[in-house]
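> sequence isn't available, so here's the structure alone:
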């Protein structure tokens, strides 16, 4: 267990998972269920092995992120895909309740700024969709960078 004290290997696995999700989301505009399932398995194991986070914190983060983002998806009539909702719920297992809100805020702010910039330079229009997995990755990187690996 000494390795967990020096570095959270769960974060490394999470980043690998999010890089794969980002590549697939950019290429295919979807986050595959198999990838989310693998993330849930690894995240659950991480919650049990990581002494710096309680299982309750991981579970609350998963449920909170899932419910919050599902509500946004429902209100926006699918503006946020269900794959993104499931992926962010999975991320909650790795980050815990104290960090998941930061990751959501970072991802949302950065995606909003990029979307606004694309609209301003006439690269995009309001009907065009933008993959959200890259912004989830960036939000998680900002969060764990701020909190330390």
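Received it, and whenever you're ready, just let me know what you need. Everything numeric in this text was worked out from a predicted model, so none of it was measured.

> can you find the helix or strand in the chain with the smallest mean pLDDT?
Within the chain, no helix or strand scores below helix 2-6, which has a mean of 45 by mean pLDDT, DSSP states H and E.

> immediately after that one, which helix or strand?
Downstream of helix 2-6, the next assigned helix or strand under DSSP states H and E is helix 9-28.

> max-length helix in the protein?
helix 97-120 (DSSP state H).

> who's in contact with residue 81?
30-31, 73, 132 (Cβ atoms under 8 Å, 6 or more residues apart in numbering). In short, each C-beta sits where N, CA and C put it, glycine included.

> quick one on the thing from earlier: which residues does the longest helix of the chain contact?
Counting by Cβ under 8 Å, 6+ apart, 57-58, 60-61, 64-65, 68-69, 88, 91-92, 95, 124-126, 130, 132, 135-136, 138-140, 142-144, 146-147 sit against helix 97-120.

> mind listing what's buried along it?
97, 99-104, 106-108, 110-111 (16 or more other Cβ atoms under 10 Å).
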